[in-house]
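Asks: Build me a structure from this.
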Amino acid sequence: MSVVSDDVLDKVRAGMRGLQPPGHYDKVYKDECMYSFDTPESPGGLYINLKSYQGFGEEFVELDHQKSGNTLYLHLLWKRVPLSEEDKAAIAAASEADKPTKLALGTDGGFSTDTQKDYTLDKTASVVVVQGAGQPRLTVPLPCADLPELVLNVITAIQAHEGASKQEAVAAWEEERHISKYADNLPQLDTGRKISPNPADWRCDETGVTENLWLNLSTGHIGSGRQYADGSGGNGSALRHYEATGRKYPLVVKLGTITPAGADVYSYAPDEDDMVLDPKLSEHLAHWGINMLQMEKTSKTMAELEIDMNVAYEFSALTESGAKLQQLSGPGHVGLVNLGNSCYMNSVLQVLFSLPEVSDRYVTQAPNIFSTAPTDPSQDLPSQMAKVGTALVNGRTGKPAPLSGSSSSSERTTAPPPPAAPAAAAAAAGGDDGVQPMDTDAAPAAAAAAEGGDSKDAAHMGGGRAESAKQEANSVRPAMFKTLVGKGHPEFSSGRQQDAAEYLGHLLQLISRSEHAAAGRMGLTDGQPLIPSIFDFQLEDRTQCLKTGFVSYKRSVTSSLALHIPVEAAINQQAVAAYKEREAKRQKLKDEQATAYIGADTSLGTETDPASAVVLLPGQDDGSSDTAAAAAGDSAAAAGRGSSSSSGENPVLPVIPFEACLNKFIASEVRRVGNSFRSWFSSTS
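Replies: Residues are numbered from 1 along each chain as shown. Predicted coordinates for the structure are as follows:
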C-alpha cells in the first residue's frame, strides 16, 4: 500500500472536477489507444483519461492532456511472464475441453475472442498526474488508500467495466436462423411411409448413400445433400427431388441431427434458400413416424461442421494453393487480425495503404490529423485511417518485445526480400504446407465439409484459436476502424462475410465525405484531388448493329472494372482435368458401393468402416478388387476427416493469367490502349 505526499494529493484533488464513474452505457477504451495500437502490454503501457474514459499510448497522452485539459489518468502496465511447461499443458487441456458449440463469436458456447497464450501477465496500475510538456509526471501506485474516495470509485468502475473493444467483438455476430414462412401450413402427403428411428436403416432413396441424408418433410423422400465445389457433401438427390416435384415441398430436415431440442432444417425455396427454423417440427416429424423426444444425435449439425472448418481448416490450401510461404514482418508487412469474417475489410485496407497517394494523405499527415481530431477520435474517420495506416506502413504495432525463447524472437522489424514467385502451375498443383497467411477467413461453405476434421495444431491453421508469437507481434486488430465504418450499415456492421468490392465502394464514399468536411485540418488545397478520385477512370462501351453496321459509343466514369474469368484460358488445364477425373472416379465408386450395399449383410460393419463396404460389382472378380478396395480406403480416410476434397487431396484450381481476363474484356480497336494498361499493371504489380 503506497503513501502519498500532501503535495501530490493537492494536485490530484485539483484535477477531480467533473470526475464521475462510467455508467453501463458508457464506452471505456481501456484496451487500446485512440490514435495507435498501443495496449497495456505495450512498453509504455496505456493511460486512461479518468473523465473521457479514452485510452492513450505513451506517445499520445501529452496530446490528450493538451486537448482535453485533463490531468488525471489511470496508467495500466502489463508485463508478460513466461508460463512453465506444466501450466501450458494445463491451459491447453482446459482449452480443448472448452470447444465451441455454436457458430458465434465472443459469446457463451461460441468462439473465444481471446487467443491461447504461453505467458501470464504481471499487471500493475497507478494514478498518474500529467502536468504538461516539460513537467514531470506524478505517479501514485495502486492500491492506495490515501487517494480521494471519488478517484478510487472511478478507477474501480473503469477496471470493472467491459472494454469497448470486447463489447463490440461480442456484439459482432452470431448466426441467425429465421422461421420459415412455409412451416405453418406445410403440406404433408399421405404416402403411408414411416421412417425408422434406427440410423442404420437410413439410405438415400435415389442412390443408396448413407451419409448427409435429408428427409423431405412434405413427401417423406430421403435424399443426399448437395455436392460442393470441393467434392464433399453429397450427390444432391434431395435437391433434385425438390425440383422434380415442382418446387412445392421446400423443407427438409437433416437426419442424425434430430433431438428433443430441435434439428437442422433447410428451405430450398428460392426466397429463403438457407437454414431455417420450423416451429412445428415435432408435428411434421410425427407424420413420418419419428418421435422427436426419443431421437438422439448421430451426425454433426451444419453449425458444428462450420465450426470444425473455422477451427481446423487449412485456408492456405485455397488462398495460396499449397505454396510454401515466407512470413514477412516490419514496415509494409504488418498483418491485420481477422475480427470474425473481416477478411474483406482487411484486404481492402492492405491494398489502399500500398498506394503512395493514400499513404501520403493519412500516414504523412497523421500528426496533424491527430492534433485536430474531435473529442471522440473513435468516431473520426481521418483519425482511424491514420491510425491503421501508421501501423501498416510504418510497422508500428505497439506490441511488446518478444519473450526470451519465443518464436517471435526472430527478425521482426526487418523484412527479408520477397521470395521468388513459384511457377503458377506448380503452385496450383499444391505443395508443402508453409507458414500460413496472417489473415484468414471462415468460409460460409464450411458447412459443406464432410463430418470430422483433422486434429492438426491450430497454430498452423487459419482461423485456429492459437496464433504464432510472430504473427501476434506483427499484426494489429482494426476493431475501432471496423466499428466506425460499419456504423449504421446493415451488412458491414455485422460479422457476416461481405464482398470486398462493395466494401471498397462504401469506404470510398465515407472517405469522400470526410475529406470534404475535414479538408482544412488535412491540409487539402483547392483542386487537390480527394482519395476516391484516384480510382476513377473512363470506360467506353461500343455497340455495333450487325445488320446496318452502325456503331454507338457510350462513355461512363467508374471506379471498378468487372472482368469475366475465362476458365478455358487456365495454364494448368491438364492438372485440373486430371484432378476432376480422379474425383469423379472416387465419387462413382462411392456411389456404386452404396448402391451395392443395399440389402447386403450388416455384419460387414459398414456403419463404422466405410472401407469394409466393398461389394463386388458385376464384372469384378476377386483378382480385380484390389483397386476398388484401395479406392474404398481413400473414401474411408476421407470420411474420417474434414479434408478439402472427398479423398483428402488438395483441390487443383484453375490458374488464369490476368492478361487473359483483360483480353476477354477489351475490344480489338482499343487493344492498343489495353496493351498500355497491361504494361502499367506489370510495372506496378
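Asks: residue ranges for the helices of the stretch 501-650 of the chain, please.
Replies: Using DSSP state H, counting those that start in this stretch, the helices assigned to the stretch 501-650 of the chain run over residues 573-597, 625-639.
Asks: ok, and what's touching stretch 153-170?
Replies: 19-22, 26-32, 48, 50, 53, 74, 105-107, 113, 125, 127, 142, 339-340, 378, 477, 479-480, 482-483 (C-beta atoms under 8 Å, 6 or more residues apart in numbering). Backbone N, C-alpha and C define where each C-beta goes, glycine included.
Asks: Pull out the buried members of these.
Replies: Among the contacts of stretch 153-170, those scoring as buried are 21-22, 27-32, 48, 50, 53, 74, 105-107, 113, 125, 127, 142, 339-340, 378, 477, 479-480, 482-483 (criterion: 16 or more other C-beta atoms under 10 Å).
Asks: In strands, which of those residues fall?
Replies: 48, 74, 125, 127 (DSSP state E).
Asks: Which of these sits closest to residue 353?
Replies: Taking C-beta to C-beta as the measure, residue 353 sits nearest to residue 48 out of these, at 28.4 Å.
Asks: so what's that closest one up against?
Replies: Contacts of residue 48 (C-beta under 8 Å, 6+ apart): 28-30, 54-56, 73-76, 158.
Asks: circling back to that earlier point, next step: the buried ones among the contacts of stretch 153-170 restricted to helices.
Replies: Among the buried ones among the contacts of stretch 153-170, DSSP state H puts 479-480, 482-483 in helices.
Asks: Now the two most distant members of the residues you listed.
Replies: 480 and 482 (7.4 Å).
Asks: Show me where the stretch 501-650 of the chain has its strands.
Replies: Ranges of strands in the stretch 501-650 of the chain, per DSSP state E, counting those that start in this stretch, are 537-544, 551-558.
Asks: Please apply the same query to the stretch 101-250 of the chain.
Replies: Under DSSP E, counting those that start in this stretch, the stretch 101-250 of the chain gives strands at 119-129, 138-141, 178-179, 213-216, 222-224.
Asks: Minimum distance to residue 536: which of those has it?
Replies: strand 178-179 (39.5 Å).
Asks: and that closest one, what other elements does it pack with?
Replies: strand 274-277 (3 or more C-beta pairs under 8 Å, 6 or more residues apart in numbering; DSSP states H and E).
Asks: How far off centre is the strand it packs on?
Replies: Between the centre of strand 274-277 and the centre of its chain there are 22 Å (C-alpha atoms, centre = their mean, to the nearest Å).
Asks: and that strand, what other elements does it pack with?
Replies: strand 178-179, strand 265-267.
Asks: follow-up on the earlier one: just put the ones in helices among the buried ones among the contacts of stretch 153-170 in a markdown table and tack on distance to residue 138 and pLDDT.
Replies: Converted to a markdown table, these look like this (distance: C-beta to C-beta, whole Å; pLDDT from 0 to 100):
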| residue | distance to residue 138 | pLDDT |
| --- | --- | --- |
| 479 | 32 | 91 |
| 480 | 30 | 93 |
| 482 | 37 | 93 |
| 483 | 34 | 91 |
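Asks: Could you save the residues you listed as TSV and add columns showing distance to residue 195?
Replies: Output for those, formatted as TSV (distance: C-beta to C-beta, whole Å):
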residue	distance to residue 195
479	48
480	52
482	46
483	48
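Asks: Return the member of those residues nearest to residue 285.
Replies: Among those, and counting by C-beta to C-beta, the member closest to residue 285 is residue 482, at 41.7 Å.
Asks: how much space between that closest one and residue 25?
Replies: 21 Å (C-beta to C-beta, to the nearest Å).
Asks: Please apply the same query to residue 568.
Replies: 58 Å.
Asks: out of those two, which sits in the busier spot?
Replies: residue 568 (10 against 5; other C-beta atoms under 10 Å).
Asks: Count the neighbours of the closest residue to residue 504 other than its chain neighbours for me.
Replies: Residue nearest to residue 504 in three dimensions, not counting chain neighbours: residue 348, with 5.0 Å by C-beta to C-beta, 6 or more residues apart in numbering. By other C-beta under 10 Å, the residues close to residue 348 number 20.
Asks: so what secondary structure elements neighbour whatever helix or strand residue 348 lives in?
Replies: Here residue 348 sits within helix 343-352, counting by DSSP states H and E. Counting contacts by 3+ C-beta pairs under 8 Å, 6+ apart, helix 343-352 packs against strand 335-336, helix 381-394, helix 479-486, helix 500-517.
Asks: Now distance to residue 374 too, for those, in a markdown table please.
Replies: Listed next are the helices and strands packed on helix 343-352 as a markdown table, based on distance: least, C-beta to C-beta, whole Å:
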| stretch | distance to residue 374 |
| --- | --- |
| strand 335-336 | 25 |
| helix 381-394 | 8 |
| helix 479-486 | 12 |
| helix 500-517 | 11 |
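Asks: my read: residue 563 touches residue 660, true?
Replies: No. Residue 563 is beyond contact range of residue 660, at 9.5 Å (criterion: C-beta atoms under 8 Å).
Asks: After the helix or strand bottoming out on mean pLDDT in the chain, which helix or strand is next?
Replies: None of the helices or strands of the chain scores lower by mean pLDDT, DSSP states H and E than helix 424-429, at a mean of 33. Using DSSP H and E, the helix or strand that follows helix 424-429 towards the C-terminus is helix 469-473.
Asks: For that next one, name the packing helices and strands.
Replies: Partner elements for helix 469-473 (3+ C-beta pairs under 8 Å, 6+ apart): none found.
Asks: CA atoms only for that helix, dumped as CSV, please.
Replies: C-alpha atoms of helix 469-473 as CSV (Å, rounded to 0.1, in the frame of the first residue of the first chain):
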residue,chain,number,x,y,z
ALA,A,469,4.0,-15.4,-31.5
LYS,A,470,5.5,-13.8,-34.6
GLN,A,471,2.1,-13.3,-36.1
GLU,A,472,0.8,-11.7,-33.0
ALA,A,473,3.8,-9.4,-32.7
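Asks: residues of that helix that come out buried?
Replies: Buried, per 16+ other C-beta under 10 Å, within helix 469-473: 469-473.
Asks: can you redo those as JSON lines with distance to residue 653?
Replies: Listed next are these as JSON lines, based on distance: C-beta to C-beta, whole Å:
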{"residue": "469", "distance to residue 653": "32"}
{"residue": "470", "distance to residue 653": "28"}
{"residue": "471", "distance to residue 653": "25"}
{"residue": "472", "distance to residue 653": "30"}
{"residue": "473", "distance to residue 653": "32"}
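Asks: Next, find the distance separating residue 32 from residue 557.
Replies: 39 Å.
Asks: what's the answer for residue 508, then?
Replies: 13 Å.
Asks: out of the two, which sits in the busier spot?
Replies: Ranked by neighbour count (other C-beta under 10 Å), residue 508 and residue 557 place residue 508 first, with 21 against 9.
Asks: so what's the residue lying closest to that one once chain neighbours are set aside up against?
Replies: Excluding its sequence neighbours, the residue lying closest to residue 508 (C-beta to C-beta, 6+ apart) is residue 532, at 4.1 Å. The contact partners of residue 532, by C-beta under 8 Å, 6+ apart, come to 508-509, 511-512, 559.
Asks: ok, now residue 285?
Replies: Per C-beta under 8 Å, 6+ apart, neighbours of residue 285: 217, 253, 258, 291-292.
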